[in-house]
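Enquirer: sequence and computational prediction follow.
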Amino acid sequence: MTWLEINDLHKAFGPSTVLTGVDLTVPTGSLTAILGPSGAGKTTLLRLIAGFERADQGTISLGGLAVDAAGSSWVPSERRRIGYVPQEGSLFPHLTVAKNIGFGLPRAARGGGRVDELLELIGMPGLAGRYPHQLSGGQQQRVALARALATRPQLVLLDEPFSSLDPSLRAEVRADVRRLLRAAGATALLVTHDQDEALSLADRVAVIRCGRVCQIDTPQGLYDTPADTEVAGFVGDANLFPGVFLDRSVRTALGDLPVHCRAGTQRTGADAVVLIRPEQIKLCPVAPTAADADRILDLEYHGHDSVVRISAGAADGPGVILARIAGQVPYAVGSAVTMTVEGPVLAWCVDVAGASRHQSAAH
Amino acid sequence: MSTTVGELGSAPPLLPRRGRAPVRARRRSTPPVLLAAGVLVALVLLLPLAFLILEAAQDGFSTLRPLLFRALTATLLWNTVSLMVVVTVLCAVIGTAAAWFVERTDLPGRRIWAVLVVVPIGIPDFVTSFGWKSIFPSLGGFAGATLVMTLAVYPLVYLPVAASLRHADPAQEEVARSLGLGRLRTFVRVTLPQVRLAILGGGLLVGLVMLSEYGAFEILGFHTFTTEIYTEFLSGFNAPAACALSLVLVVLSLFLLTGEGLARGRGRPSRTGALTARVPRPHRLGRATLLVLAGFFVLVGLALGVPVGAIVYWILHGGSSTLPTASILTAAGHTIFYSAAAGLLATIAALPVAILSVRHSGRVSTILERSNYLVLAMPGLVIALALTYFSERYAAGFLYQSSTMLIAAYAIMFFPLALVAVRTSVAQAPASLEEVGRSLGRGRLEVLWRLTLPLAAPGLAAAFCLVFLEAVTELTATLVLIPTGAQTLSTQFWAFQTNISYGQAAPYAGLMILIAAIPSCVLGRWFDRLPSRSLVAA
């Protein structure tokens, strides 16, 4: 069952268009992440759903009822049964924790069990009388979520709720939020520009780019079968190789590789763009004398793994290739290596591959 | 832990409507109540100017022309403008220099100086003028007016510049030094641009005070537009003449306002990083310390010592053996009542205007901005006269010399001050808080009552204090509109002062300053917590 449904949504602020035909459905009870670079229109989309802005064109429906059908119907924010958690938490500075949580409740219920229940749920039962400035960033974020959940909303909207926290705290608060949303059984929509966050937290991820949703999938589906090269680069590091389709594989500078998924015309002999994730590349040492050998450019040691940049000796292929090696790398900068590819790869026909082909999209 | 935190599907998807919530899509969602309140305020603010123009139109250009184009007008124009320019420049220099020494150097006793150099703002200009004149009876003319007015109003520049220096990013100066600029060039190329808007804003206030001041010039025998307008008013209600001169004065003020707006340009000083920056290391004055200290002693001695000393002297030695306790208390009661009522009225009126201009930019808020702007250009005397003429002409004297009209005049005159304070507070409360409130199912009015008002409370208190303070020390409009039989501290002081009964006048001045000192303290604390930009965004 679908709770939120958005059709062909357009929004512009003066001359600058922000959303240009967004389609999105969010199943009831799911946690969907909207992932996109800054300026892609993520926050605008969230504000339209919350009812803080009005759409220029298109419809937004909640539970099958149109709440914003440009020109014909409009339901104000306070009647949409949503919970909203803004970026900075935005707790009311003049109210205590308990009063913040109880803000949306009817007057009689504000001092009652519902507030205690939520304080218990967020693990802060002793802090009811504190003011927001007396809380840590993580605690503020938990209270903001409790405040949003207090009225039992049907849809919870979270606008980059973890970006203002320090990295060490982020993982912990993230896990808490996921647990709280599950416990509340609410449908949730999370906006983020952090692919790690989107992939690790959400059931479904919608990638938004230039005012449109360009792919919706499960986190794994998105990582394994991105719709085009740009999405591939956005949800992880990507090595893109030119290739030619063979019968069941694709021929690249790194040899003939089995293909697990193809997009576009599947003619044998057609040009292809091949995605090889860094963790698929394995390295072997070779004699340092080989003139056109691949050489290690530099190493980044991360503890759990290392990222290696390799300058390719072969002429056709990306000039620099990323590889991810578990643990420490037994090579020095400048060593000559050969590369092999493990597992099947994804290949697009050249015309559907997207704008940034034949280059390594790494970030 | 509870298991029933949210029951899915147990409730309808949308909450029922409460009241008459609009269902049809509208472009702009400004609440009608707010709009109506805003329009009402704008109308009241524009009343005085409308009467003035109406009056001028009835007299016709043929009546006004000989009144406008005569030698007297030229003299008044020269007196007013030349004094305004000289005093504004002097105030800008003194105010900026004093602020820099107090905020950025190791001047001994900086905390005490920071208070002492501001205190003169609590002394009404006509009292400062009285202090000087009572001790140096020969003081007067252009030189006298320059001296007295500069000493009376330089804090108007000092305050915003000091606040601006306090909030400016000291790292910018350090970067300039690291790029090879010396102390002086750093000051000219980095520090001055940081406080440029504060100087301009303060200068504008000084200019507007110079155009509207009456009492100080009357005491010093220096003729400007205001003294002439008041004379015309006294001498048998020469409405057309007063009206014509008033219009010239309004046009002058408008020039000043527009000029300041243009000079601001589009550049805004910006800072990146946290607002709670570390305190900059003060510049070392070294051998100049003594010289600067002497300067501060002279400044405070002249601006504060002379008027306060004069009041104390006249109270002690004025020969007022019979201190009129009863009449001074009655006068104080009137002053407090009128001023508090005006403070309340102006603050309440400023609230819808502030919310409209911060949250709902649109045609109505533009009109409101403009009417506020026009009020800034109306000296208090002109507002008082316009209300008087209106009452005379169109309302058969209705409300004339009633406390209602005096309170209304105060509220209109000082509305721009109240608006600055309220708007700053409303703007500081993030809109996202109100959005969260709405998303939690609370209606617009409830959000206004439970979020916007409590968050803006410090600004509302500051607005009240500002208006109260100004009204307590107001003289000109009070002289015109004072209810028959009533006296305030300022009118009673004026009456005695005019009779050269200095000993009897002094206690009234002293009490007036004491009453005005209380809201000043409240305001000082509020101003300190503000980012500098809002101070000069008059």
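Expert: Structure's in. What do you need?
Enquirer: can you list the residues of the stretch 401-538 of chain B near chain A?
Expert: Residues of the stretch 401-538 of chain B lying close to chain A by Cβ under 8 Å from any Cβ of the partner chain are B:430, B:432-433, B:435-444, B:450-451, B:454-455. C-betas here are computed from N, CA, C, even on glycine.
Enquirer: any of those buried? List them.
Expert: The neighbour-count test (16 or more other Cβ atoms under 10 Å in any protein chain shown) marks B:432-433, B:435-444, B:450-451, B:455 as buried among these.
Enquirer: farthest pair in those residues?
Expert: B:Gly441 and B:Leu455 (19.6 Å; Cβ to Cβ).
Enquirer: state the number of residues packed around A:Cys284.
Expert: For A:Cys284, the count of nearby residues is 8 (other Cβ atoms under 10 Å in any protein chain shown).
Enquirer: should've said B:Leu291
Expert: Count around B:Leu291 with other Cβ under 10 Å applied: 9.
Enquirer: report pLDDT for it.
Expert: For B:Leu291, the pLDDT comes out at 94.
Enquirer: now do the SS call for it.
Expert: helix (DSSP: H, G, I helix; E, B strand; the rest coil).
Enquirer: contacts only, for it.
Expert: Applying Cβ atoms under 8 Å, 6 or more residues apart in numbering or on different chains to B:Leu291 gives no contacts.
Enquirer: give me the below-cutoff pLDDT ranges for the stretch 151-300 of chain A.
Expert: When residues are selected by pLDDT under 70, those of the stretch 151-300 of chain A lie in A:261-266, A:290-291.
Enquirer: tell me the contacts of residue 177?
Expert: Using chain A. The contact partners of A:Val177, by Cβ under 8 Å, 6+ apart, come to A:141-142, A:145, A:158, A:161-162, A:201.
Enquirer: I was thinking of chain B, sorry if that wasn't clear
Expert: When contacts are counted by Cβ under 8 Å, 6+ apart, B:Arg177 touches B:183, B:186.
Enquirer: what about it, which SS state?
Expert: Quick answer, by three-state DSSP: B:Arg177 is helix.
Enquirer: quick check: it vs B:Phe69, distance?
Expert: Distance check for B:Arg177 against B:Phe69: by Cβ to Cβ, to the nearest Å, it reads 57 Å.
Enquirer: and if you look at A:Ala12?
Expert: Going from A:Ala12 to B:Phe69 by Cβ to Cβ gives 55 Å.
Enquirer: same thing with B:Val292?
Expert: Distance check for B:Val292 against B:Phe69: by Cβ to Cβ, it reads 50 Å.
Enquirer: who has more neighbours, those two?
Expert: Ranked by neighbour count (other Cβ under 10 Å), B:Val292 and B:Phe69 place B:Val292 first, with 17 against 10.
Enquirer: isn't that one up against B:Phe101?
Expert: Yes - look at B:Val292 against B:Phe101 with Cβ atoms under 8 Å: they come within range, at 5.7 Å.
Enquirer: shared neighbours of these two, anything?
Expert: Common contact partners of B:Val292 and B:Phe101 (Cβ under 8 Å, 6+ apart): B:107, B:285.
Enquirer: nearest spatial neighbour of the residue in the stretch 351-500 of chain B that chain A sits nearest to, chain-adjacent residues omitted?
Expert: At 2.9 Å from chain A, B:Leu440 is the closest residue in the stretch 351-500 of chain B, using Cβ to the nearest Cβ. Closest residue in space to B:Leu440, ignoring its immediate chain neighbours: A:Gly104 at 2.9 Å, by Cβ to Cβ, 6 or more residues apart in numbering or on different chains.
Enquirer: was I right to think the one you found contacts B:Arg438?
Expert: No - counting by Cβ under 8 Å, B:Arg438 is not a contact partner of A:Gly104; they are 9.8 Å apart.
Enquirer: and the helix or strand hosting B:Ser371, what does it pack against?
Expert: Assigning secondary structure by DSSP states H and E places B:Ser371 in helix B:363-376. Helix B:363-376 is packed against helix B:32-59, helix B:239-264, helix B:325-359, helix B:415-428, with contacts defined by 3 or more Cβ pairs under 8 Å, 6 or more residues apart in numbering or on different chains; DSSP states H and E.
Enquirer: can you list contacts of the shortest one?
Expert: Yep, that's helix B:415-428 we're talking about. Contact with helix B:415-428 is made by B:45, B:343, B:346-347, B:349-351, B:353-355, B:357-359, B:372, B:375-376, B:452, B:455-460, B:462-464, B:466-467, B:470, B:526, B:530, B:534, B:537-538, as judged by Cβ under 8 Å, 6+ apart.
Enquirer: of the residues you listed, buried ones?
Expert: The neighbour count (16+ other Cβ under 10 Å) marks B:45, B:343, B:346-347, B:349-351, B:353-355, B:357-358, B:372, B:375-376, B:452, B:455-456, B:458-460, B:462-464, B:466-467, B:470, B:526, B:530, B:534, B:538 as buried among the contacts of helix B:415-428.
Enquirer: residue nearest the centroid of chain B?
Expert: The residue lying closest to the centre of chain B (Cα atoms, centre = their mean) is B:Leu417, at 4.9 Å.
Enquirer: tell me the spacing between that residue and B:Ala463.
Expert: For B:Leu417, the distance to B:Ala463 - Cβ to Cβ - is 7 Å.
Enquirer: overlap of the contact sets of the two?
Expert: Common neighbours of B:Leu417 and B:Ala463 (criterion: Cβ under 8 Å, 6+ apart): B:Ala346.
Enquirer: could you export stretch B:62-77 as PDB, CA atoms only?
Expert: What follows is stretch B:62-77, C-alpha atoms only, in PDB (Å, rounded to 0.1, in the frame of the first residue of the first chain):
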ATOM      1  CA  SER B  62      -0.400  81.000  -4.700                       C
ATOM      2  CA  THR B  63      -0.600  81.300  -0.900                       C
ATOM      3  CA  LEU B  64       2.400  79.000  -0.300                       C
ATOM      4  CA  ARG B  65       4.700  80.600  -2.800                       C
ATOM      5  CA  PRO B  66       5.400  83.900  -1.000                       C
ATOM      6  CA  LEU B  67       5.800  81.900   2.200                       C
ATOM      7  CA  LEU B  68       8.300  79.500   0.700                       C
ATOM      8  CA  PHE B  69      10.400  81.800  -1.500                       C
ATOM      9  CA  ARG B  70      11.500  84.400   0.900                       C
ATOM     10  CA  ALA B  71      14.800  85.400   2.500                       C
ATOM     11  CA  LEU B  72      13.800  83.800   5.800                       C
ATOM     12  CA  THR B  73      13.500  80.400   4.200                       C
ATOM     13  CA  ALA B  74      16.900  80.600   2.700                       C
ATOM     14  CA  THR B  75      18.400  81.600   6.000                       C
ATOM     15  CA  LEU B  76      16.700  78.800   7.800                       C
ATOM     16  CA  LEU B  77      17.700  76.300   5.100                       C
END
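Enquirer: distance between it and the chain's centre?
Expert: The chain centre lies 30 Å from the centre of stretch B:62-77; the measure is Cα atoms, centre = their mean, to the nearest Å.
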